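Student: structure, please.
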Amino acid sequence: MRGITDTVKHLLIINVIMFVGTMAIGNGQLFYGLFALYFPKNDLFQPWQIITHMFMHGGFSHILFNMFALWMFGTAVEQVFGKKKFIFFYISAGLGAALLQLGYYYFKFYSGIDILIANGLDQATIMNTLNEGKYNTGWEAILGVDELRSFLGVFNASMVGASGAIMGVLVAFGMLFPESKLMLIFLPIPIKAKYFIPGIIILDLISAISGQSFFSPSNTAYIAHLGGALTGFIIMYFWKKDQFDKYRWN
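Tutor: Got it, this is the predicted structure:
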């Protein structure tokens, strides 16, 4: 893999191995059940999923675009950071993405729980019903059709993908190489990184607020993208004062 830095190469290999395993074993259900990130109140949740979901992908196009972005931007960033600093940054951005997405899920879920409790239902009974894979039809009359769908969707949600970590890497690339010119495949117009990457983040923000997808599937975890980008920016803000190379981790 000439032209790829060591850590990026190893991340690519791990992601591909996990993807092949997902597709080859039990139609993906075994790997998803173990390694995708589930809502913490769901019995399917396990602590290690906070990390393992970053190496899982939902389909060929999903892993292809993520790994292309990791190679394209991660190699340049790792050359500046060094191996240890890059992996710390990558995992931190992935964790920040997951935590912001889960925080959003908690808000949505407990908004529904509070309404149900206010209408005389018991929280323990609600949780037991949900973890049995069921729901009470009476909840629809209390929450409404759309709110109930959102409530159940959050509880049963699973998250996979390296996108959050890669959004952090994109931010790092934009701050390190602001004058580099980038292009979207379907919009072959060179745009400087200092405009291109904030533009991508703004589109994710619009999608998160409106639910309207621009370039990705409608089930994309846009909040996680924003969490990865925000975490990357915060880390870069403090590291930039150190001028990177002066405090490079070997």
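Student: CA only for contacts and neighbour counts going forward, please
Tutor: Will do.
Student: and the helices in this protein?
Tutor: According to DSSP state H, the chain carries its helices in the segments 6-24, 29-35, 49-52, 60-69, 75-81, 83-118, 123-131, 138-143, 145-155, 163-176, 193-210, 222-239.
Student: give me whichever of these is most buried.
Tutor: Mean neighbour count (mean count of other CA atoms under 10 Å) peaks for helix 163-176 among the helices of the chain, with a mean of 27.
Student: got the angle between that one and helix 83-118?
Tutor: Angle, helix 163-176 to helix 83-118, by axes from the mean of the first three to the mean of the last three CA atoms, to 10 degrees: 130 degrees.
Student: what's in contact with helix 163-176?
Tutor: If you take CA atoms under 8 Å, 6 or more residues apart in numbering as the criterion, helix 163-176 is touched by 54, 66, 69-70, 73-74, 76-77, 89-98, 193-194, 197, 224-233, 236.
Student: taking helix 222-239 as reference, get the angle to it.
Tutor: On the basis of the same axes, to 10 degrees, helix 163-176 is oriented at 40 degrees to helix 222-239.
Student: helix 163-176: how far from the chain's middle?
Tutor: 12 Å (CA atoms, centre = their mean, to the nearest Å).
Student: dump that helix to CSV, restricted to CA.
Tutor: C-alpha atoms of helix 163-176 as CSV (Å, rounded to 0.1, in the frame of the first residue of the first chain):
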residue,chain,number,x,y,z
SER,A,163,-18.0,8.5,9.4
GLY,A,164,-17.8,10.4,12.8
ALA,A,165,-14.1,9.7,13.1
ILE,A,166,-13.5,10.6,9.5
MET,A,167,-15.4,13.9,9.9
GLY,A,168,-12.9,14.8,12.6
VAL,A,169,-10.1,13.9,10.2
LEU,A,170,-11.7,16.2,7.6
VAL,A,171,-11.7,19.0,10.1
ALA,A,172,-8.0,18.4,10.9
PHE,A,173,-7.1,18.3,7.2
GLY,A,174,-9.0,21.6,6.6
MET,A,175,-7.1,23.3,9.5
LEU,A,176,-3.8,21.9,8.4
